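Enquirer: All I have is the shape, not the residue letters:
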């Protein structure tokens, strides 16, 4: 069996194993083992990829394997990874691993919870290994649907409403996306022959410009909804606020990246001319996302809302960078996917842990918590520093690469947009420091909070896992950046053919 | 060729100490962290002195070399543009090594006494080490991006240390202010770097500052809004420098920064953070001089204005740390003036040399002033001059050391400040008369406000103190004595043999008229303070009343803080952020919800069809069938 398929098989086996265990204790141990294996597998994949490239391997994708599972329509199960998807798989493995430990105390229907959660992760892993657009779409839907159950059943606040809103908006995006994918499919055989969904083969076909102009915006917006593209981002604050901790982590950390990854791998890569032509519209929208999200976060009172708006801003930056369509900017975008994935997962984990203790997420009702729960408080502050782009953390690296990449465009429009977007580093500092100042520092506002306990071992494990990634990339970014750049080279070469 | 690779250890040791104390400090006795931090820094200090000796004095040279003993590829941005992290040694960076480690070591030793028993002692030492590391990294940067990295880190460290007492609301406000104001300035720095690196395709200082290099041909001729692109870039870089150096209008964070423990103020004001901006301008001086002289003289004017402006405010303040904070602004302004009026090559480089010289001497006496202020506060338990008076009897060592620092800042020979300040005035005199007179007047104001402080605290009215003030312990007074000796004697170091913009030693001539004039104005200021404040009397109050609104405006620091508050709170928060939040909830989300509601409404209409009534089903069925048949006939028969 192909080794990449293990990324789907291991979670499925974990789900089956959970079916045969009962109770919270057994379930969480099985889930932890399963996701631990997955993490090791991801680490091995990264290592294998790097050592293979070290020997001068020139294939665009490695570990490719193919199985035609629906010959009538020529739909395949094709898998393969390059440096980009391998690093995103590593991200997913870290986030879900941390997510399992963050849900260690899930007492309500634990078995069902972990099954649904891991199913969701299966979808994500499948998405990243797929090279066949139809299979990719199936995995994508597999990732979106469990979300409804997870929020609707294990959520908090107006959870049914939030779950419905989130699902419907993402489904709306999927509908656009499906049309876009079908468009790609039906234009895949200009000289006769059979249609294909295969990403690599599609990239060799030149889609007529008229068709690109129609299908590019559909595909980009379709994926963009998941990437919280303005003005289709409103599912994000409500959805995140109601979702249980691990789901918020996985959703903001990984699922939003699915959108961005799709925008890049499918929309821009396969329809480069329309992308160049229409980039300006989306550059405006994403610039708005970045600044607007940051401003939106300034006045919020709920910790999760703050982080949700912050995600709108940070993921907007990813889409913005992708639209710059040069190697440096896209490299920065992918680093930002990983960086933001780790940071936001860390934040949601911490928020969940703090909420579990204080039973409120309203920052005006808390104060001085740093003294009572130093571990969680310090982690939140370090996470905040990472989020506002302090050197030594991954966010800084990604943002800087993006700014330098975007600045390669010489015209006034791109320059103004870049400077506008760069100004978000100040606004981000404002809202992050405001939050820290309000609920971690200052005097204790609620006497009850003096009795809180600091982090337990599984909470420490969960947050430290993510923190290691954030600091690792921040201090030593070269290897990851070069890995991504290496995989980008053939893509950028292909784009260059169509760009003037 | 001497091997300088050991200089890498100078920043690295404090960093390692930070990591160790940061991770394990909580588990140990607090004093372990303190001793470890101090010992680590002592090693760095010795290594810096060694580097200084080897670099400047071990061999006679025509021109000082620029040495890069270590450079490590950190990230590559494009195929040609790469970011390195390394160590660059040239006269100014070696000098800064000595300054930073000296002051930091003194602060470390002093804090062993000052911070004793404070909650968070180990945290304090961890941050001190990190702060020192960041500043050392900044001065050793080989390229402008590396410098930006350390700019950010220095900003974060100041945030952490200013907010050391994080339960105090005023400390929280001050720490946020320091970070956000400098971050805003750093945004300018970043955009400046973006422009500069895009057109020159390099970050390296060596390439950027090479006189007559051709890397600027891509940017030549480009302009935006009537100002050349390179001027924009260098001006924006200066904005970042102005943020760190607290030049007007970014000065507002510095006076509030005294919310941190006093030793931190000494560190921020003397050796780290605020001199970073001056250092940056000095580092890029050839670029300013050869390519953007307009920006260079602008820097001079900003410095000149800030120095006068801050000195005037300092006269009216009562909080002794606040007076010293405004004094720092004023003195940093001097350094900027020195750089702004400087030329390049030989004697023309006097201003540059004097600016760096003043940085050096100022570091000594300003650290001393803050540490003595700490000793005073320690003794009296108050920051305010009104609570002090006649302290010379109780605090003899503090008194004498403070006096040495006060004479140094007033520019009275033979104290250190005299030499450096005199050279700045000389340089300004020969190139820009307006700046010369500004700085000349400021010199008088400086000696006035510092002796107002001196007389007010150590002489003036003898007060009854609840607890009899007592002299600080030995680990606090030793740094004071060391720095007092430095403030007295470092002026005799022949700086013109060490530092110049073109790295070549040059000769200076002394100008007796200027020297006499500058000493006279210093003495005049002291005399004024002596008359008004030596013995308590009502003259100062009368003058204040006579000045009326002018006094109040100055006392309120020209309302700059209020203007900032208006812009941030009223405009950004209430007119931008709040409306955006509302717009998002009600308009954007409202539209989405509207679409959702519409589908619900439509389906609500549709679902009436499924009423379960047989007749209705039958009716719909028959009507539909008829419609279908009619349509069919219409198309095919028609």
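Expert: Sure, I can see it. What you are looking at is a predicted structure, and each value in this text was computed from that prediction instead of being measured.

Enquirer: burial count for whichever residue of the stretch 401-550 of chain B sits closest to chain A?
Expert: Going by Cβ to the nearest Cβ, chain A is nearest to residue B:466 of the stretch 401-550 of chain B, at 26.8 Å. Where you see a C-beta, it was placed from the backbone N, CA and C, and this is true even at glycine. Using other Cβ atoms under 10 Å in any protein chain shown, the number of residues around residue B:466 comes to 8.

Enquirer: Same question for residue A:276.
Expert: Here the count is done by other Cβ under 10 Å, and residue A:276 has 18 residues near it.

Enquirer: Mind pulling the model confidence for residue 318?
Expert: Answering for chain A, as no chain was given. Turning to residue A:318, the model gives it a pLDDT of 93.

Enquirer: was after chain B, sorry
Expert: Note for residue B:318: predicted pLDDT of 85.

Enquirer: Over to residue A:462?
Expert: 90.

Enquirer: Need the three-state assignment for the residue of the stretch 401-550 of chain B closest to chain A.
Expert: coil (DSSP: H, G, I helix; E, B strand; the rest coil).

Enquirer: got it, and the one 10 residues further on?
Expert: Reduced to three states with three-state DSSP, the structure at residue B:476 is helix.

Enquirer: Please tell me I have it right and it contacts residue B:375.
Expert: Yes. The pair residue B:476 and residue B:375 passes the contact test of Cβ atoms under 8 Å, sitting 6.0 Å apart.

Enquirer: So for the two, which residue has more residues nearby?
Expert: Under the neighbour definition other Cβ under 10 Å, residue B:476 and residue B:375 were set side by side, and residue B:375 has more, 29 against 24.

Enquirer: Surely the more buried one is in contact with residue B:479?
Expert: No. Assessed by Cβ under 8 Å, residue B:375 is found out of contact with residue B:479, at 9.9 Å.

Enquirer: what are the ranges of the strands in the stretch 1-150 of chain B?
Expert: With DSSP state E, counting those that start in this stretch, the ranges of strands along the stretch 1-150 of chain B come out as B:67-76, B:82-89.

Enquirer: Just say which of those strands is most tucked in.
Expert: strand B:82-89 (a mean of 21; mean count of other Cβ atoms under 10 Å in any protein chain shown).

Enquirer: Would you map the helices across the stretch 51-200 of chain B?
Expert: When secondary structure is read from DSSP state H, counting those that start in this stretch, the stretch 51-200 of chain B shows helices at B:91-114, B:121-140, B:144-162, B:169-200.

Enquirer: mind checking how far the third one is from the chain centre?
Expert: Helix B:144-162 sits 9 Å away from the centroid of its parent chain (Cα atoms, centre = their mean, to the nearest Å).

Enquirer: Show me what that helix is packed up against.
Expert: Using 3 or more Cβ pairs under 8 Å, 6 or more residues apart in numbering or on different chains; DSSP states H and E as the contact test, the elements touching helix B:144-162 are helix A:394-406, strand B:82-89, helix B:121-140, helix B:169-200, helix B:229-245, helix B:274-283.

Enquirer: The longest one now?
Expert: The criterion is 3+ Cβ pairs under 8 Å, 6+ apart, and the helices and strands that helix B:169-200 contacts are helix A:394-406, helix A:412-422, helix A:424-435, helix B:144-162, helix B:205-208, helix B:229-245, helix B:253-256.
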